[in-house]
Every structure is written in C-alpha cells, then in structure tokens.
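Colleague: Sequence unavailable; structure follows:
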C-alpha cells in the first residue's frame, strides 16, 4: 500500500464522488479510480457502494476510514512537531478560559507575552469550566484557565491566584450601606444564583451550606454579566467574583466576612500530551509570572 492511496481514499470518502475528489486532488479520474481499485484489491474487500454518480462507504470502508484518519492525523502531528523544532519562535497556542477571565487576566497575560514572542499566535476559546475541560481532554486546546475542576484522569491543574467572592446589591438596597455582611444574615433575601452545573454554582452552594442557610433563589443564570444585570434591575442580590473590569454601575459591593468567600483560579493541561515549543514557552511564562507575584 502507498501513502497516496490513503490520502485518495480519505478524500473520496469525504466527498462521496470520484469526479469531485479527482478535481480536489488534481489528478485524473481514471488514475484515482485505479488507485482505489488497487487498494480494494490489496485489502481483499470493496470499500464503497456505487449509487449512481455518487459513492458511499460500506461497512468495511467505515472501519478502514477510521484507521486511515488516525494514521493521517499521526503523520500530520509528526510533521508539525518537526516544523516546531525547526522554528520554535513561531507556532500557535490554543487556550481556553472561563468567561470572567476574558476581561482582564487573558488580555493582560497575552499582551505581555506577545511583546517577547510576537511570532506566536493564539487561538482562544471562552466557555464554562466543564466545557473547557472537555475541550482540553479531546485535544482541542493546549491549556485552560479555570477554577479547580473535578477529578479528571490525566488533567493536571495548578493554582495561580485566588479571587474574593463579594456580595452585590442594588445601590438603593439597605445592605448597600454596609461594609461587611455575613451570609447567615441573608436567609430572607431573594438571590440571583448560578446554575448548579457551573463551577460558581458549586462554590456558592458550598458557601451557603457553610453559612447554614438555604437561599431564596428567584433566578438562575450562567454568565456573571447577566447576574449583575438582574441585580441592577432590583430582582435580587448575588455573589460574584471580584474582578476589576466588571462595570458596577447601579450596584454596590459588600465584603462577606463569614464564611471565607473566595475561589481559586488555575491553569490546566493534559499530562503527557505533546506540547509544541510555543506552548511550552507560554506555560513557562505563566508559571514565572504568577510565581513572581506571590
């Protein structure tokens, strides 16, 4: 079998049409047909079923395509690894992060990093913690900034910094005049909460349990900006991470004295997975940046 046979087979399987595949591959249709026929002869089974002008994979073809895709992917990764070694100042890094880190952490870090390594590109993905962890496990991203995830095999997470979680209330609310408050005092207040499946939902639920109260939840949201908007509309009060970039118009911040209200933000990656020189440089940069801040 020849390498070109695998490439030809993959394109025909994707396009399901010999003429279109031949045009894409820039070869003649008879040459493509002969190549696929030789491949089928070597395997001892047909790979396609003809349906008029189109072709579709049969059961043997679907099995073989799965292996061919893996083989081509591995070779492509090998080529990329070599290219990275030839020119380590280039390359790209794919980075996921939770929504609240998109306003200051990510822009600040990437801005500083770019000054030192202007040739390295970034592909950015903003999502919820469980979703960026899923992207990490499937190999869609190299790293993610998120709160500590539940145990995931091979996912390594390190702490970078902590964020205070504060209470926000409308400016006209009686609590707006307070500097500090205990969560236990808020059992009768209407709360804007986070959905249970979110990491912030898990954190705030734990804080309420520690305070010994069951909050009166009037709305549930996913994004901090939405939560803040609902509080500004006087539909309840809420707990949010204290992030400088948030617009606090119409809101007042109150420090929670008990229990200790904070969340930890860290960086995660898959242990043992290949990292390009560009990705390794970014990882080292992040570690040094937060080590110097402590």
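Modeller: All right, it came through fine. As the structure is a computational prediction, the values presented were derived from the model and not from experiment.
Colleague: Skipping adjacent residues, who's closest to residue 117 in space?
Modeller: Nearest-residue entry for residue 117: residue 281, 6.3 Å, with adjacent residues in sequence omitted and distances by CB to CB, 6 or more residues apart in numbering. Just so you know, the C-beta spots here come from the backbone N, C-alpha and C atoms, and that holds for glycine as well.
Colleague: Which strands or helices does whichever strand or helix holds that neighbour pack on?
Modeller: Using DSSP states H and E, residue 281 maps to helix 277-293. Secondary-structure packing of helix 277-293 (3 or more CB pairs under 8 Å, 6 or more residues apart in numbering; DSSP states H and E): helix 59-86, strand 92-97, helix 105-116, strand 143-147, strand 155-170, strand 262-270.
Colleague: Deepest-packed of these, please.
Modeller: Most buried of the helices and strands packed on helix 277-293 by mean neighbour count (mean count of other CB atoms under 10 Å) is strand 143-147; its value is a mean of 23.
Colleague: Dead centre of this structure: give me the residue that sits there.
Modeller: residue 132 (2.7 Å; CA atoms, centre = their mean).
Colleague: List the single closest residue to that residue in space, sequence neighbours excluded.
Modeller: Once flanking residues are discounted, residue 132 sits nearest to residue 96: 3.6 Å by CB to CB, 6+ apart.
Colleague: need the contact list for the residue lying closest to residue 250 once chain neighbours are set aside.
Modeller: Spatial nearest neighbour of residue 250, excluding adjacent residues (CB to CB, 6+ apart): residue 232 at 4.1 Å. Applying CB atoms under 8 Å, 6 or more residues apart in numbering, we find residue 232 in contact with 170, 249, 250, 251.
Colleague: quick one, domains of this protein?
Modeller: Split into domains by automatic domain parsing, the chain comes to 3-86, 90-294.
Colleague: Most tightly packed of the ones you listed?
Modeller: When the domains of the chain are compared using mean count of other CB under 10 Å, domain 90-294 is most buried, at a mean of 16.
Colleague: How far away from the center of its chain is that domain?
Modeller: Relative to its chain's centre, domain 90-294 lies at 13 Å (CA atoms, centre = their mean, to the nearest Å).
Colleague: circling back to that earlier point, just put the domains of the chain in TSV and tack on mean pLDDT.
Modeller: Listed next are the domains of the chain as TSV, based on pLDDT from 0 to 100:
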stretch	mean pLDDT
domain 3-86	90
domain 90-294	90
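Colleague: Helices of the stretch 101-250 of the chain, start to end?
Modeller: 105-116, 129-138, 199-211, 224-232 (DSSP state H, counting those that start in this stretch).
Colleague: circling back to that earlier point, my guess is the residue nearest to the centre of the chain contacts residue 99, does it?
Modeller: No: the pair residue 132 and residue 99 does not pass the contact test of CB atoms under 8 Å, sitting 10.2 Å apart.
Colleague: Bridged to the closest residue to residue 140 other than its chain neighbours, which residues?
Modeller: Computed as CB to CB, 6+ apart, the closest residue to residue 140 that is not its neighbour in sequence is residue 94, at 6.8 Å. Beta-bridge partners for residue 94, by DSSP bridges, are residue 123.
Colleague: about what we covered before: measure the residue nearest to residue 250 to residue 226 for me?
Modeller: For residue 232, the distance to residue 226 equals 11 Å [CB to CB, to the nearest Å].
Colleague: and if you look at residue 168?
Modeller: 13 Å.
Colleague: do residue 219 as well
Modeller: In terms of CB to CB, residue 219 sits 9 Å off from residue 226.
Colleague: circling back: what's the residue nearest to the centre of the chain in contact with, if anything?
Modeller: Contacts of residue 132 (CB under 8 Å, 6+ apart): 96, 97, 98, 125, 141, 144, 146.
Colleague: and which of these is nearest residue 236?
Modeller: Distances from residue 236 to the contacts of residue 132, taken as CB to CB, are shortest for residue 98 (22.6 Å).
Colleague: Could you list the residues in contact with stretch 175-190?
Modeller: By CB under 8 Å, 6+ apart, stretch 175-190 touches 167, 169-170, 207-208, 210-218, 235-237, 252, 254-259, 261.
Colleague: Quick check: end-to-end length of it?
Modeller: Terminal residues of stretch 175-190 are spaced 13 Å apart (CA to CA, to the nearest Å).
Colleague: Now do the end-to-end distance for stretch 260-275.
Modeller: This stretch, stretch 260-275, spans 37 Å end to end (CA to CA).
Colleague: Hmm, I typed the wrong one, I wanted stretch 266-281.
Modeller: 17 Å.
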